[in-house]
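*Asks:* Dropping the sequence and predicted coords here.
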Amino acid sequence: QQVAERLTNIRAELDGAIAILTMNRPKALNALNDQTLEELDRIFTCLEREESILGVIITGEGKGFVAGADISQMQSYKSEEGRNYANRAQALFNKIEALEKPVIAAVNGYALGGGCELSMSCDIRIASEKAVFGQPEANLGVIPCFGGTQRLPRLVGTGIAKELIYTGRQVKAEEAKSIGLVNKVVPAESLLDEAKAMLRTILEKAPMAIRYSKVAINRGMDVDMRAGLELEKDLAAITFGTEDKQEGMDAFLGKRPAVFHNR
Ligand code: CAA
């Protein structure tokens with residue numbers, strides 16, 4: 001609550017156990033300036049600690065989700081400042097990706113450059129029909145540096161990632177779905193409801209099963225298959241030891257709905 005009150009570029013609201021973050025600098029299509037990056041960082045530090053919040057949705061106000069890093073701010077940067085900037089933003093996006101709770105990007109409009117990269121640091125992307133994705137950095141003489149050169153090929157494969165990064169081509173929602181960049185395309189007016197509905201479905205499951213699935217997938221993407229399978233074994237062992245595992249299996253065999261307690 002205290003964090004939410006001190007924000008200027010992001011609106012943070014609670015809907016039950018779901019935090020809804022609305023990027024809210026519509027005059028600049030929610031471009032990520034220092035203030036916005038700092039606010040996102042503060043919010044995610046809070047989300048890591050806040051046990052009553054179980055899932056997160058990120059969306060944008062107006063016709064932008066996020067139209068990228070703030071170009072007017074980057075204009076004066078030379079090499080070292082560029083590196084520091086990338087370093088700071090990458091650390092933030094890694095933090096978003098590593099949050100041990102499900103995070104859905106509800107992409108309402110332009111998700112370009114750092115905006116596309118922000119959506120890719122979320123677990124799942126749901127796009128409105130008005131969403132537009134792209135990595136236009138080559139138009140500006142730089143490369144994607146909020147994780148785009150790494151996360152985009154992991155999501156869509158190197159061939160398509162190279163095409164999109166080399167050409168800077170904008171991709172509309174349906175194409176984004178066809179290349180695996182988004183999970184689902186929905187009408188603009190039902191975007192938030194669809195994101196909430198998917199998140200609620202996830203939150204009905206055993207929370208630790210979701211948390212450790214996320215850790216296994218994310219860390220597994222960084223290592224070879226053998227190491228990933230070792231990790232899967234260790235995390236599976238943790239879930240087999242939980243009360244919720246007993247509840248889930250007892251409920252199935254007892255033909256009744258499970259009631260999970262995150263234990
Ligand atoms: N940074 C700063 N300001 C931005 C911005 C950005 N990334 N994107 C949009 N804006 C501002 C515009 O300058 C404009 O401001 P004014 O009204 O003061 O002129 C306002 O937002 C509205 O934008 P447009 O008038 O351009 O709106 P449009 O509907 O004609 O075009 C658009 C929309 C195609 C998204 C266009 O704004 C655009 O191309 N934006 C830049 C997109 C971009 O290149 N993003 C990548 C940035 S680099 C990056 O993100 C690097 C990285 O890896 C981190």
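*Replies:* Happy to help now that I have it.

*Asks:* helices or strands up against the helix or strand hosting residue 46?
*Replies:* Following DSSP states H and E, one finds residue 46 within helix 34-49. Applying 3 or more C-beta pairs under 8 Å, 6 or more residues apart in numbering; DSSP states H and E, we find helix 34-49 packed against helix 2-5, strand 10-15, strand 18-23, helix 79-98. C-betas here are computed from N, CA, C, even on glycine.

*Asks:* winner for burial among those?
*Replies:* For the helices and strands packed on helix 34-49, average neighbour numbers computed from mean count of other C-beta atoms under 10 Å are highest in strand 18-23, which has a mean of 22.

*Asks:* Tell me which residues are up against that strand.
*Replies:* For strand 18-23, contacts defined as C-beta atoms under 8 Å, 6 or more residues apart in numbering pick out 9-14, 30, 36, 40, 43, 47, 53-61, 64-66, 192, 196, 199-200, 203.

*Asks:* Over to stretch 213-222?
*Replies:* 97, 98, 100, 102, 123, 154, 227, 228, 231, 232, 235.

*Asks:* how near is the residue of the stretch 101-250 of the chain found nearest the ligand to residue 106?
*Replies:* Closest residue of the stretch 101-250 of the chain to the ligand, C-beta to the nearest ligand atom: residue 113 (2.4 Å). Remark: distance between residue 113 and residue 106 (C-beta to C-beta, to the nearest Å) = 19 Å.

*Asks:* How about residue 144?
*Replies:* 22 Å.

*Asks:* Check residue 260 too.
*Replies:* Here the criterion is C-beta to C-beta. By it, residue 260 lies 25 Å from residue 106.

*Asks:* More neighbours: which of the two?
*Replies:* residue 106 (29 against 19; other C-beta atoms under 10 Å).

*Asks:* The more buried one in helix, strand or coil?
*Replies:* On the three-state scheme (DSSP: H, G, I helix; E, B strand; the rest coil), residue 106 is labelled strand.

*Asks:* Please look at it and residue 59 and confirm they touch.
*Replies:* Yes. In this structure residue 106 lies within contact range of residue 59 using C-beta atoms under 8 Å: 4.1 Å.

*Asks:* Give me the common contacts of the two.
*Replies:* 191, 192, 195.

*Asks:* tally of neighbours for the closest residue to residue 263 other than its chain neighbours?
*Replies:* Spatial nearest neighbour of residue 263, chain neighbours left out: residue 243 (4.3 Å); criterion: C-beta to C-beta, 6 or more residues apart in numbering. Residue 243 has 13 neighbouring residues, counting by other C-beta under 10 Å.

*Asks:* What are the phi and psi values at residue 123?
*Replies:* Phi and psi for residue 123, reported as degrees, to the nearest 10, are phi -70, psi -40.

*Asks:* Any idea how many residues pack against it?
*Replies:* For residue 123, the count of nearby residues is 22 (other C-beta under 10 Å).

*Asks:* one step back: I'd like the shared contacts of residue 106 and residue 59 as CSV, with pLDDT and neighbour count appended.
*Replies:* What follows is the shared contacts of residue 106 and residue 59, written out as CSV (pLDDT from 0 to 100; neighbours: other C-beta atoms under 10 Å):
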residue, pLDDT, neighbour count
191, 98, 23
192, 98, 19
195, 98, 26
